[in-house]
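Colleague: Got a predicted structure plus its sequence, pasted below:
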Amino acid sequence: MNFSELKDFLDEKADVYNNPEFIQDDPVQIPHRFSLKQDIEIAGFLSATISWGNRKSIIKSAEKMLDIMGNSPYDFVMNFSEKDLESIKDKSIHRTFNGEDFSYFIKQFHEIYKENESLENLFLINEGENNFYHSIERFRQKFLGAEKHRTHKHVSSPYKNSSSKRIIMFLRWMTRKDNRGVDFGIWENIDQKFLSIPLDVHTGNISRKLGLILRTQNDWKTVEELDLIIRKFDENDPAKYDFALFGLGVTKELF
């Protein structure tokens, strides 16, 4: 396929999957249970953080976290007691993300929301930046703090060449105004043109099959390689092609 044909093909696939039916089997359904901005952010970040493995299992584990927080994430984060946290620490949550990690996140959210109305403040793009490379790192420094903790491994770093797939996915949810009822677009001060594709094994393999990328690793350098071409397809809404790549992965029509 030439450039124009490939763009048309991917636009068509994005259009098919970027609709409310997508929500039913995807972790994005978790923050969709809320209307308060902070609830959406907390539920979204937690769901994105544990988004590896089977999607049904991810959703079940996210529901477990919501139950622990009384299905009011922001209220719980701002008003928990030490006893609440102690009761969480020994719980099993999702694979290597355990109760200790969950309680650490709750404490860090508390500190952030004491000073910020929204997590958006921690992801703002500075002048001269064209993606979230530095933004994610600034968020990590604020959210995780200086003290080393086992939980830091659950918030990946593009500075260490991670694709930061789960954070990129969360950023799509919060930033992208899709008018289709999937992504929220509740952040007003970050332009969706800076978004990238959440890169994992599936999106990486399909992107290579289509000739979108040449690098064999699924790392930050590959995220930026993919940025170059998807932004030529649509410079104002590049992340919509995440739906196209997802759809092609589900249907396996390229394999």
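Modeller: Noted; the coordinates are in hand. Numbers count the residues shown, from 1 in each chain.
Colleague: just the strands in this structure please.
Modeller: 92-94, 97-98 (DSSP state E).
Colleague: Let me know how buried the nearest residue to Arg138 once chain neighbours are set aside is, in neighbour terms.
Modeller: With sequence-adjacent residues excluded and distances taken as C-beta to C-beta, 6 or more residues apart in numbering, Arg138 is closest to Leu122, at 6.8 Å. For every residue, glycine as well, the C-beta is placed using N, CA and C. Using other C-beta atoms under 10 Å, the number of residues around Leu122 comes to 17.
Colleague: Kindly confirm whether my reading is correct that Leu122 touches Tyr113.
Modeller: No. At 10.7 Å, Leu122 does not count as touching Tyr113 under the criterion of C-beta atoms under 8 Å.
Colleague: All the helices of the stretch 101-250 of the chain, in order from the start?
Modeller: Using DSSP state H, counting those that start in this stretch, the helices of the stretch 101-250 of the chain run over 133-144, 165-175, 201-209, 220-233, 241-251.
Colleague: Next, format the ones you listed as TSV and append mean neighbour count and mean pLDDT.
Modeller: Shown next, in TSV, are the helices of the stretch 101-250 of the chain (neighbours: other C-beta atoms under 10 Å; pLDDT from 0 to 100):
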stretch	mean neighbour count	mean pLDDT
helix 133-144	17	94
helix 165-175	25	97
helix 201-209	18	93
helix 220-233	19	97
helix 241-251	21	89
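Colleague: Compile those into JSON lines and extend it with columns for distance to Phe22.
Modeller: JSON lines is the format used below for the helices of the stretch 101-250 of the chain (distance: least, C-beta to C-beta, whole Å):
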{"stretch": "helix 133-144", "distance to Phe22": "25"}
{"stretch": "helix 165-175", "distance to Phe22": "12"}
{"stretch": "helix 201-209", "distance to Phe22": "15"}
{"stretch": "helix 220-233", "distance to Phe22": "19"}
{"stretch": "helix 241-251", "distance to Phe22": "7"}
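Colleague: Quick one: closest of those helices to Phe76.
Modeller: Set against Phe76 and scored by C-beta to C-beta, the helices of the stretch 101-250 of the chain come closest in helix 133-144, at 17.4 Å.
Colleague: Only the C-alpha atoms, please, for the closest one, written as CSV.
Modeller: The C-alpha coordinates for helix 133-144 follow below in CSV (Å, rounded to 0.1, in the frame of the first residue of the first chain):
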residue,chain,number,x,y,z
TYR,A,133,9.0,12.1,27.0
HIS,A,134,9.9,14.8,29.5
SER,A,135,6.4,15.2,30.8
ILE,A,136,6.2,11.6,32.0
GLU,A,137,9.5,11.9,33.8
ARG,A,138,8.4,15.1,35.5
PHE,A,139,5.3,13.3,36.6
ARG,A,140,7.3,10.4,38.0
GLN,A,141,9.5,12.7,40.1
LYS,A,142,6.5,14.4,41.6
PHE,A,143,4.3,11.3,42.1
LEU,A,144,7.0,8.8,43.3
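Colleague: Cool, thanks, signing off.
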